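Participant: turn this into a structure:
(one chain, ligands or ions: 1)
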Amino acid sequence: MHPPSRQDYVSISFAGQGSGSYNNSKQWRRQSCWRKWKQLSRLQRSLILFILVLLFICGFAAYPTVTEHLRGLTDGEQDTDTNSVLKPVIPQMMPEPVKHGHPALPEQPSKRKLSNKRGPPILQNRLQRKGNTSDIAVKDKAADSKKEGEEEGVISWRGAVIDTDQATEGTKDGEKEDLPANQEAKLSKNSASWLEAVREAFRHAWKGYKDFAWGHDELRPISKTYSEWFGLGLTLIDALDTMWILGLREEFEEAKAWVATELTFNKNVDVNLFESTIRILGGLLSTYHLTGDTLFLDKAKDIGSRLMPAFNTPSKIPYSDVNIGKGTAHPPRWTSDSTVAEVTSIQLEFRELSRLTQEPHYEAAVAEVMNQVHKLDGKLDGLVPMFINTNSGQFTHQGIYTLGARADSYYEYLLKQWIQGGKKENQLLEDYLQAIEGVKKNLLQKSTPNGLTFVGELSHGQFSPKMDHLVCFLPGTLALGAHNGLPADHMDLAKQLMETCYQMYIQMETGLSPEIVHFNMHQGSTRDIDVKLADRHNLLRPETVESLLYLYRFTKDHKYQAWGWEILQNFNKYTKVSSGGYTSINNVRDPDYPSPRDKMESFFLGETLKYLYLLLSDDPNLISLDQYVFNTEAHPLPIWPSTA
Ligand code: DMJ
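Facilitator: Have a look, this model is predicted:
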């Protein structure tokens, strides 16, 4: 064997090289391979060995992730789709659900216990079984004062501690399917303890914010610090009216003192027009209405006027970003487009600011946007694309239609502006009604095998059975429309979609919805909902509990309260951080290791807990839906008194 000459490049050829004739015997092949190996230069051999070692290491490193994911496919499910969830079981054939235990997470993922799963997901109301939430005793505060790491149910997660012992059990095995009358009575009676549980959740979230993030935008509860977005105390402002509604006066007064003495908008900082309108302007306006304290109105005027430069564009379609200190505005660095939902979901707030200040230019600016969007080409049966150009005023990136991110609150604000203004602005109503027909015609489908109604997406004529959790605002909006005299079939659709949104929670092992789901539509699928690996996170979003509030208020069906209560418990079980605060999580499919993301979004206090409180209250006059309209960040603004 002659060593091949050295080469500076790698050339590997397995055919037609070397001596000897081809005879396909095993021995020939073995010898031939060995000969070819020896013919390679040292560099070539080293490189091949290096690649093999690298592949081995990668394979080894990926093993836990792969097996973790594949665990979700067990439970007798033979499907090869790696993004699938557990198999839904028809109620009558349902095996006994596995009880929740406290997830006992060892420190090392490789030593994790096999998941004590939630049991097979079921297309039914889990709470319609004996021993349901109505029997749940709210745990006393003592749980909070337990020492970290010393007691059962307290789990050390990457140096932080999440106390799983503070949630109560939601369901028990072998229980009846129906909700008997006495159960309903119990649900109703339990309202007081439910409300205290929401207050307790709020206090816990607030403790984390106060201890580690006071005056900053968002709490990072695991690392016990904060993150800044605009540097304007976002969580504190978003939470003001929630504290007022929950009756947490001490906390409210502390926050108010911060607003009075520390909050200034005279800052050289870029803020997003939409986010600061719905969270800050909306939060200040609603707090003014609830308290009558002009401090909040003055602050609202200040931020409102500082946001106005956003509308100085060639088309009058506002830019996405404003520097509230300099009075300049601009689109994102990479485009001159704005998002359709963003420019059409600031109207409730600016209209109200005009009404309160008697300065019409706020309302005029946002009305101009609605008028232009009303007339634009590029809609599909009332459905809007996701982007609009601030120079031309035209839709861009056309052909994609969704009720999820970037379009969602356009539809919500059509209806809510109509209600806010006393149901007189027909153009808004027409656009809303047309859009709902567009949803029915183009985006509404049923899943297989259990026929869950869902809202998918359309991309250049191609339907995708993908639904964002964000879409779960829609049942509530539809119900609100029906309550205000719109067609009764809107309420039917609201109920169906509400069930779907609930299933998006309850079919997950943590009982918390992922950010995005995909519905199965093909014949022979064995489960309705799939979740892709990248979509398994939960950001503590409000949309489902928001819709539950509307459905409960308008139907008086206690099952919606029970569903909300169950969701609250699951937030407590999987997202509560012992040292204070709640965290968004990466993996709703893994109750043993939901993997905290270390962030408490301001909308958890501004929206999620507020909606839960109102849902679990039996007082329909606590923020009456006939007197207030919620902005898209759950800040209630008054329905204008009729002047006619
Ligand atoms: C909130 O900021 C608002 O509800 C918005 O309309 C959508 N995104 C979040 C909550 O998910």
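Participant: now do the same contact list for whatever residue of the stretch 51-200 of the chain ends up closest to the ligand.
Facilitator: Nearest to the ligand, among the residues of the stretch 51-200 of the chain, is Val198, at 17.9 Å (CB to the nearest ligand atom). Every C-beta, even on glycine, is put in place using the N, C-alpha and C of the backbone. Neighbour list for Val198: 246, 568, 609, 612-613, 616 [criterion: CB atoms under 8 Å, 6 or more residues apart in numbering].
Participant: can I assume it sits in a helix?
Facilitator: Yes - the assignment for Val198 by DSSP: H, G, I helix; E, B strand; the rest coil puts it in a helix.
Participant: skipping adjacent residues, who's closest to it in space?
Facilitator: Distances taken as CB to CB, 6 or more residues apart in numbering place Tyr613 nearest to Val198, at 4.4 Å, with adjacent residues excluded.
Participant: quick one: that neighbour and Leu195 touch, right?
Facilitator: Yes - with contact defined as CB atoms under 8 Å, Tyr613 and Leu195 form a contacting pair (6.3 Å).
Participant: more neighbours: which of the two?
Facilitator: For Tyr613 and Leu195, the more surrounded residue by other CB atoms under 10 Å is Tyr613, and the numbers stand at 26 against 21.
Participant: would you mind listing what in the stretch 301-450 of the chain touches the ligand?
Facilitator: Contact residues (CB under 6 Å from any ligand atom) of the stretch 301-450 of the chain with the ligand: Ser409.
Participant: taking the stretch 301-450 of the chain, what residue is nearest to the ligand?
Facilitator: Ser409 (4.7 Å).
Participant: off-centre distance for stretch 385-404?
Facilitator: Between the centre of stretch 385-404 and the centre of its chain there are 23 Å (CA atoms, centre = their mean, to the nearest Å).
Participant: return the set of buried residues in it.
Facilitator: Within stretch 385-404, the residues scored as buried using 16 or more other CB atoms under 10 Å are 385-390, 393-396, 398, 400-404.
Participant: residues near Lys316, how many?
Facilitator: Residues near Lys316, counting by other CB under 10 Å, number 16.
Participant: OK, contacts around it?
Facilitator: Contacts of Lys316 (CB under 8 Å, 6+ apart): 365, 368-369, 372, 393.
Participant: and the residues you listed, which of them are buried?
Facilitator: Among these, those scoring as buried are 365, 368-369, 372, 393 (criterion: 16+ other CB under 10 Å).
Participant: returning to that earlier point: and the pLDDT at the residue nearest to Val198?
Facilitator: Model confidence at Tyr613, given as pLDDT, is 98.
Participant: same question for Arg527.
Facilitator: With respect to pLDDT, Arg527 has a value of 97.
Participant: wait, a strand at it?
Facilitator: No - under three-state DSSP, Arg527 sits outside any strand and is assigned coil.
Participant: for it, give its distance to Ala494.
Facilitator: 24 Å (CB to CB, to the nearest Å).
Participant: Leu248 now?
Facilitator: Using CB to CB, Leu248 is found at 31 Å from Ala494.
Participant: which one's more surrounded, these two?
Facilitator: Neighbour count, other CB under 10 Å: between Leu248 and Ala494, Ala494 has more, with 25 against 18.
Participant: out of the buried ones among the contacts of Lys316, name the ones that lie in helices.
Facilitator: If you go by DSSP state H, these have 365, 368-369, 372 in helices.
Participant: out of these, which two sit at the greatest distance?
Facilitator: Across these, no pair lies farther apart than Ala365 and Gln372, at 11.5 Å, counting by CB to CB.
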